[in-house]
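S.K.: 3D, please:
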Amino acid sequence: MVTIAEIARLAGVSKTTVSNVLNGKTNQVSEETRKKVLKIIEESGYFPHQAARALKSKRTRTIGLLFPHMPLRLLSNSFFFPGFLTGVAEACEEFSYQLLVTTSFKNCDTDFHYERLLKTRSVDGLIVSDIFHHDSRFAVLKKASIPFVSIGKPEGGEIEEIYWVDHNQEKIAERAVDYLIGLGHRDIAFIGLSLKRVYTAQRLRGYQRALRKAGLPFREELILCEEMWHEEAERKIKAFLRKLSSFTAIFSIGGNLTLDCLRVLEGLGLSVPGDVSLLGNIEVEGKRFLGINLSGVRTYPRKLGYETAKNLINLIEDKPAPKSLVLEADLVEGESCRRIG
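M.R.: Prediction:
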């Protein structure tokens, strides 16, 4: 059986250098040496015993990515999560970590997601997704003294010490609604998930700020913010739009909700952008969205995933990491919005 000592002899380096390469300590090894050691490892078929390494280092070299909702909802979000998971996986590969992805049949099942997992010490750190206002999970993780990074800027409670990565949700929402107002729209519907979700509340504040700048009133009847998925989302959006006396534009803040809006508008016999302008959320590469060159807020899930995982790994390894990292989102002017008036 090939050992670290044998790898070191073949590479002409010390056992410490081989160990540094295996443990992702790239700042202590030159790039040329790292590649040489990795090549010999690959050619020799060496496979380190993860359990033994974990016992010795008191680390599993595994990070957890936990989704506080049912698997069906995770899999149905076909726009955001594939890119995000790709980014997390890229960081894990770069820094020699494994990724543990888990979810629960119950929504926000704190006991299953966190307390049981933490007791087993199966991971060195956690990525917290889908955060809510006054999110109870943060207290559990703080008590466990385990590194974690939030996807999204936390709100409510003791959040000063929480590390997070996100796009500037409020700023980009304000810019998006500024764009619609500049096209002459005054009756702009806002469609999102629950206001308990911090990114929904942040996007809504950006929407409100744009209205105030333009001297337009904030109208509750134009706001739909509820937890809704699949056919339920289409039913609720249809009922919501039917009740409106007037609307010329929709600002949808999620990729799946944008898809739901397109289906509902088509079912109501309304064309985009002929009858209604649709400003959506663009979370995938490519210019077209179901045959439409969509106008909308372009976020970067893959970059978000990479930077979140990288930040977490730096925390685990006691390396410098920014407390907050804000990624820029872009406003894309496509063909789903038109000027009126």
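
S.K.: Quick check: the gap between the residue nearest to residue 59 when sequence neighbours are not counted and residue 281.
M.R.: Excluding its sequence neighbours, the residue lying closest to residue 59 (CB to CB, 6 or more residues apart in numbering) is residue 124, at 5.2 Å. (Glycine included, C-beta is placed from N, CA and C.) Distance of residue 124 to residue 281, given as CB to CB, to the nearest Å: 32 Å.

S.K.: Also residue 309?
M.R.: Counting by CB to CB, the gap from residue 309 to residue 281 is 22 Å.

S.K.: ok, now residue 90?
M.R.: In terms of CB to CB, residue 90 sits 22 Å off from residue 281.

S.K.: More neighbours: which of these two?
M.R.: residue 281 (26 against 16; other CB atoms under 10 Å).

S.K.: Distance from the chain centre to the helix or strand hosting residue 207, please.
M.R.: Per DSSP states H and E, residue 207 falls inside helix 198-213. Using CA atoms, centre = their mean, to the nearest Å, the mean C-alpha position of helix 198-213 is found 20 Å from that of the whole chain.

S.K.: Export it to PDB, keeping only CA atoms.
M.R.: Extracted in PDB, the C-alpha atoms of helix 198-213 (Å, rounded to 0.1, in the frame of the first residue of the first chain):
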ATOM      1  CA  VAL A 198     -34.900  38.600   4.200                       C
ATOM      2  CA  TYR A 199     -34.200  38.900   0.500                       C
ATOM      3  CA  THR A 200     -37.900  39.500  -0.200                       C
ATOM      4  CA  ALA A 201     -38.100  42.200   2.500                       C
ATOM      5  CA  GLN A 202     -34.900  43.800   1.100                       C
ATOM      6  CA  ARG A 203     -36.200  43.700  -2.500                       C
ATOM      7  CA  LEU A 204     -39.500  45.300  -1.400                       C
ATOM      8  CA  ARG A 205     -37.600  48.100   0.400                       C
ATOM      9  CA  GLY A 206     -35.800  48.800  -2.900                       C
ATOM     10  CA  TYR A 207     -39.100  48.900  -4.700                       C
ATOM     11  CA  GLN A 208     -40.500  51.300  -2.100                       C
ATOM     12  CA  ARG A 209     -37.500  53.600  -2.300                       C
ATOM     13  CA  ALA A 210     -37.800  53.800  -6.100                       C
ATOM     14  CA  LEU A 211     -41.500  54.800  -5.700                       C
ATOM     15  CA  ARG A 212     -40.700  57.500  -3.200                       C
ATOM     16  CA  LYS A 213     -38.000  59.000  -5.400                       C
END
